[in-house]
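Visitor: Sequence first, predicted model second:
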Amino acid sequence: MNKQALEAIAQAMVADGQGILAADESTGTIKKRFDTINVTSTEDSRRDYREMLFRTTEAMQENISGVILFDETIRQKSADGTPLTQIMLDAGALPGIKVDAGAKDMAGHAGEMVTEGLDGLRDRLAEYHGLGAKFAKWRAVLNITDTHPSAGCLTANTHALARYAALCQEAEIVPIVEPEVIMDGSHSVERCYEVTTAALTHLYARLAEQGVHLEGTILKPNMVLSGSQHATQAGVDQVAEMTLDCFHKCVPEAVPGIVFLSGGQSDVDATAHLDAMNKIGGLPWKLSFSYGRALQAAPLKAWSGELANVPAAQAAFAHRAKMNGLAAQGKWDASLEG
Ligand code: 13P
């Protein structure tokens, strides 16, 4: 393991005012996103849409440190033959790659899921390293009910995350470890706090067992939120305080950066929550973003598959990237949303 190289990548991923663009939607998920704007999902339409984001030069240079790609995208070339990874590298953003094979129904655990993809992962990581990947992502899915996630679900998912992380570091790729506690449900914010605490406690115990070098990892967690169907919703300050309280208890100071998923929050909520946490400050880790929907919803809608809309879509993406770049430094204000 080249610890220095891993640490340098991890620190670049959370450079001041920068965060990650999650553009690693699987073929099935990007089709669902395209369905909302009546665009047919083809290899070319997926390429054109993503290339448009990666060519939003100022946003990529100023606010995006890295992009999580799907297998198809890391191999794609633009219409003029330039690899998409070269376009992002030219703008100073690092290519990353989703390597899990998705969350599947967990045997013996009705209603729970376990993420697959460890078989053959060493060889796939070596290939991705050759294709330029500097970091990777593996997402575990944890649903909340009165009885879920079970101990068996937490153990299986965090064990897989730890084995993935060890394999990444062997390949000189920084692992983003993502134990996502899903916001759907009628649970309270206190229940989300309890489950997120359990997930992170399990995760760091398993990472220690597998000898993972924490300074060369990035954590991608959910925020501590009220369930989306809960009768009352915790406000911005409460979300910020409870999320930070949970992390101070569970996330070792050796971890260089925490980059949130947006998980279905509105664009502005995701920004406001991140900003509120950075305004509290006094944090041992950098706190930034790795948003998918909260960065892409606005440009996707503005684009709607029309070449003529590319400038408007790029402006929409640049705006959200800038707002989140400010939030990553506690410098955002609602008045900047315009
Ligand atoms: P969202 O921000 O849309 O939740 O996506 C981030 C991600 O990469 C989930 O794995």
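Guide: Thanks, I have the structure now.

Visitor: Who does the closest residue to the ligand within the stretch 51-200 of the chain form a beta bridge with?
Guide: Closest to the ligand within the stretch 51-200 of the chain is R139: 4.3 Å, counting by Cβ to the nearest ligand atom. Yep, even glycine has a C-beta here, placed from its N, CA and C like the rest. Beta bridges link R139 to E178, judged by DSSP bridges.

Visitor: before we move on, what about K286?
Guide: G257.

Visitor: how about the helices in the stretch 51-200 of the chain?
Guide: With helices called from DSSP state H, counting those that start in this stretch, the stretch 51-200 of the chain shows them at 57-62, 71-74, 84-90, 121-130, 151-170, 189-209.

Visitor: Any residue of the shortest one touching the ligand?
Guide: Going back to what we said before, that points to helix 71-74. No. Looking at helix 71-74 against the ligand by Cβ under 6 Å from any ligand atom, there are no contacts, and the closest approach is 13.5 Å.

Visitor: Show me what counts as buried in that helix.
Guide: Neighbour counts over helix 71-74 (16 or more other Cβ atoms under 10 Å) mark 71-74 as buried.

Visitor: can you put those residues in a markdown table and add pLDDT?
Guide: Below are the buried residues of helix 71-74 laid out as a markdown table (pLDDT from 0 to 100):
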| residue | pLDDT |
| --- | --- |
| D71 | 98 |
| E72 | 98 |
| T73 | 98 |
| I74 | 98 |
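
Visitor: Show me what counts as buried in stretch 220-235.
Guide: Buried-residue list, stretch 220-235, by 16+ other Cβ under 10 Å: 220-227, 230, 234.

Visitor: quick one: average pLDDT of that stretch?
Guide: Stretch 220-235 carries an average pLDDT of 98.

Visitor: all numbers from here: first residue = 487
Guide: Sounds good: first residue 487 from here, last item stretch 706-721.

Visitor: Return the residues in contact with the residue in the chain positioned nearest to the ligand.
Guide: The ligand sits closest to G778 of the chain, with a gap of 2.7 Å, by Cβ to the nearest ligand atom. Taking Cβ atoms under 8 Å, 6 or more residues apart in numbering, we find G778 in contact with 508-511, 747-748.

Visitor: P665 contacts A626, doesn't it?
Guide: Yes. Using Cβ atoms under 8 Å as the test, P665 is close enough to A626 to be in contact (4.7 Å).

Visitor: overlap in contacts of the two?
Guide: Common contact partners of P665 and A626 (Cβ under 8 Å, 6+ apart): 643-644, 647.

Visitor: Find the residue ranges of the stretch 687-824 of the chain scoring beneath the pLDDT cut-off.
Guide: By pLDDT under 70, the stretch 687-824 of the chain has no low-scoring segment.

Visitor: Get me the contact residues on it for the ligand.
Guide: 747-749, 777-780.

Visitor: so what does whatever helix or strand K735 lives in touch, helix or strand wise?
Guide: In this structure, K735 sits in helix 722-736 according to DSSP states H and E. Applying 3 or more Cβ pairs under 8 Å, 6 or more residues apart in numbering; DSSP states H and E, one finds that helix 722-736 makes contact with helix 675-695, helix 753-766.

Visitor: at 10 Å what do you get?
Guide: The contact analysis (3 or more Cβ pairs under 10 Å, 6 or more residues apart in numbering; DSSP states H and E) places helix 722-736 against helix 675-695, strand 743-746, helix 753-766, strand 772-777.

Visitor: Columns distance to V660 and mean neighbour count on top of those, output as a markdown table?
Guide: Below are these laid out as a markdown table (distance: least, Cβ to Cβ, whole Å; neighbours: other Cβ atoms under 10 Å):
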| stretch | distance to V660 | mean neighbour count |
| --- | --- | --- |
| helix 675-695 | 13 | 20 |
| strand 743-746 | 10 | 26 |
| helix 753-766 | 21 | 21 |
| strand 772-777 | 12 | 27 |
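
Visitor: Let's have the ones you listed in TSV, adding distance to E537.
Guide: Formatted as TSV, the helices and strands packed on helix 722-736 follow (distance: least, Cβ to Cβ, whole Å):
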stretch	distance to E537
helix 675-695	35
strand 743-746	23
helix 753-766	22
strand 772-777	19
